[in-house]
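Colleague: here is a sequence together with a model predicted from it:
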Amino acid sequence: MAGKRPIDLKRESAKSFTLNFQDDGTPIMEMLTINHTLVLITKKGVYENKLADHIDPKRENPDLPPIVQQRVLEIGADSEFIGRILLTANTLFQKGLRAFFSNLIDLQEALSFSYEILKEIAVMDTLAKQYKRDEEKAIEVAKNSKGSFASPSIGDVKSRCKTFFQKADHIEQTIWDMIRLFYPELKAKGHFDTLHKFIKDKYGNDDYFTIFFERALPFLKMVRNARDCLDHRNAVGVHVTDFTFLPNGKITLPAIEIKFRDTTQPPISIADCMPLTVQSMVNFVEDLMAFLCSKHLQSFCGVSIQVGIMPEERRRNKYVQYGYWTNLVGTFTPIG
C-alpha cells in the first residue's frame, strides 16, 4: 500500500496468539481491557498482553514481537480476590451500562484502580502466607535443636510488618483515587475522617453508605496509623516483638501492638494480623464499589437499574455477588 512502511504493514496486519506459558495449560476464563492492555485470566494466572504499538507507539523498532505477554499474578479465575475485586469491578463498571452513569465518571479508570488494588492485595496475601510458613519453620527448627535450649526466631519481623502495611496503605491511596472519580468535589486526598464527614453530610447519619463507612473507619485508620509508625523511625506507637521467652518458661508468638493517635490494638500475633488485614481490605473494597455505583445510578430512557446481590445460580463467578437489577413489569430482574 502506498505510503506504508514495512513496519506499518506488520503492525496493522491481523493478529492471533496463544498463551505461551507451558506450566499453565488451563483455558482462558475471562478477558478484560485495562489501560489499553488485554488482560487474560485463566484458572492459574493473570496475564497482560500488550500490542507492539503500545510499547513502541512511534513504530521505531520493527523487531518487536506483535504481542508481548507477561504473567502478572499466579492466582486465577477461581481466586476469591480476583472474583471479589477485579471481576466484581468489571461487572459494576462495565461500559455497556455507561448510559446509567454521569459522563463525568470514568468507569474505565475505576476498573483500572480495582486492578491496581487487586495486585497489591495479592502481594499482601503472599507476604502473609510466607510469614506463616517461616514462623512454622522457626518453631520446628527450635524443637529439633540439640544441646542448649534454642528459642525460635524470625529476625526481621518489624521490616516484614513495615512492608506489609506499606502495601495496605498503597491500597488506601488508590481507594481515594477511585472515590474521587465519583466525588470530584473531593479535591485532594485526605484523611478518612474527612471522607466520613463528607459522606455523612451528603447522605445523612442513617444512610447505609454512612453506616458502612463509619464501621470501616477504625480499620482504615489502623492501617494508616500502623504504616505511619513503622515508616518513621522516631514515631512511637507500634510495638513489634519476635518470639519472646517469658519468665514462666512459656514462649509467645511474634506479635504487633498499636497505640497511636486514636488506634488501640492490643497485642495480636502477626500470623493472625496479616490475613485478617487482607480479608478486611477485600471486604471493604468489594462493598465500597457497590455503594459507589449504587449512589450514582440514573435512569435512562425511562429505565432504571439498581445494584443488588445476584442469586448464586445466576453468577458467572461464584465470588462475584454484586450485579445490576432492573424493574420489569413490577418485578426486579437481574441483568446479565
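Modeller: Okay, I see it. Numbering: from 1, shown residues only.
Colleague: which element, helix or strand, includes the nearest residue to residue 164 once chain neighbours are set aside?
Modeller: Distance criterion C-beta to C-beta, 6 or more residues apart in numbering; nearest residue to residue 164, sequence neighbours excluded, is residue 127 at 5.1 Å. All C-beta atoms are positioned from the backbone trio N, CA, C, and that covers glycine. If you go by DSSP states H and E, residue 127 is part of helix 107-143.
Colleague: next, the buried residues of that helix.
Modeller: 107, 110-125, 127-128, 131, 134-135, 138 (16 or more other C-beta atoms under 10 Å).
Colleague: next one: the helix or strand that it is followed by to chain centre, how far?
Modeller: Following helix 107-143 in sequence order, the next helix or strand is helix 157-182 (DSSP H and E). Offset of helix 157-182 from its chain centre (C-alpha atoms, centre = their mean, to the nearest Å): 10 Å.
Colleague: list the contacts of residue 231.
Modeller: 162, 166 (C-beta atoms under 8 Å, 6 or more residues apart in numbering).
Colleague: secondary structure class for the nearest residue to residue 42 once chain neighbours are set aside?
Modeller: Once flanking residues are discounted, residue 42 sits nearest to residue 26: 4.5 Å by C-beta to C-beta, 6+ apart. What DSSP: H, G, I helix; E, B strand; the rest coil gives for residue 26 is coil.
Colleague: can you give me the helices in the stretch 151-300 of the chain?
Modeller: For the stretch 151-300 of the chain, helices defined by DSSP state H, counting those that start in this stretch occupy the ranges 157-182, 192-203, 208-231, 270-294.
Colleague: adding mean pLDDT and distance to residue 74, write those helices out as TSV.
Modeller: Output for the helices of the stretch 151-300 of the chain, formatted as TSV (pLDDT from 0 to 100; distance: least, C-beta to C-beta, whole Å):
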stretch	mean pLDDT	distance to residue 74
helix 157-182	96	17
helix 192-203	93	32
helix 208-231	95	25
helix 270-294	98	16
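Colleague: my read: residue 68 touches residue 49, true?
Modeller: Yes: using C-beta atoms under 8 Å, residue 68 makes contact with residue 49 at a distance of 7.3 Å.
Colleague: which residues do these two both contact?
Modeller: Counting by C-beta under 8 Å, 6+ apart, residue 68 and residue 49 have no shared contacts at all.
Colleague: quick one: low-confidence ranges for the stretch 1-150 of the chain?
Modeller: 1-2, 14-18, 146-149 (pLDDT under 70).
Colleague: list the contacts of residue 318.
Modeller: With C-beta under 8 Å, 6+ apart, residue 318 has these contacts: 83, 312.
Colleague: no wait, residue 210
Modeller: Neighbour list for residue 210: 196, 199-200, 203-204 [criterion: C-beta under 8 Å, 6+ apart].
Colleague: which of those residues has the most neighbours?
Modeller: residue 199 (21 neighbours; other C-beta atoms under 10 Å).
Colleague: and that one, how far from residue 54?
Modeller: Plainly put, residue 199 is 38 Å away from residue 54 if you go by C-beta to C-beta, to the nearest Å.
Colleague: could you give me the average pLDDT of stretch 247-254?
Modeller: Stretch 247-254 shows an average pLDDT of 87 in the prediction.
Colleague: straight-line length of stretch 318-335, end to end?
Modeller: Using C-alpha to C-alpha, to the nearest Å, one end of stretch 318-335 lies 16 Å from the other.
Colleague: going forward can the numbers begin at 805, since that is how I track them
Modeller: All right, first residue 805 from here; so that's stretch 1122-1139.
Colleague: next, count neighbours for residue 970.
Modeller: 15.
Colleague: tally of neighbours for the residue lying closest to it once chain neighbours are set aside?
Modeller: Leaving aside its sequence neighbours, residue 970 sits nearest to residue 1031 (C-beta to C-beta, 6+ apart; 6.0 Å). Residues contacting residue 1031 under the criterion other C-beta under 10 Å number 21.
Colleague: again, but for residue 1036
Modeller: Residue 1036 has 10 nearby residues by other C-beta under 10 Å.
Colleague: ok, it to residue 1052 distance?
Modeller: Distance from residue 1036 to residue 1052, by C-beta to C-beta: 35 Å.
Colleague: same thing with residue 966?
Modeller: For residue 966, the distance to residue 1052 - C-beta to C-beta - is 31 Å.
Colleague: got it, and residue 808?
Modeller: Using C-beta to C-beta, one gets 82 Å for the distance from residue 808 to residue 1052.
Colleague: residue 1006 now?
Modeller: Distance from residue 1006 to residue 1052, by C-beta to C-beta: 54 Å.
Colleague: mind checking which of the two has more residues around it?
Modeller: More crowded of residue 1006 and residue 1052, by other C-beta under 10 Å: residue 1006, with 13 against 5.
Colleague: not counting its neighbours along the chain, what's nearest residue 868?
Modeller: Counting by C-beta to C-beta, 6+ apart, residue 856 is the residue found nearest to residue 868 once chain neighbours are left out, at 4.3 Å.
Colleague: count of residues packed around the one you found?
Modeller: Quick note: residue 856 (other C-beta under 10 Å) scores 20 neighbours.
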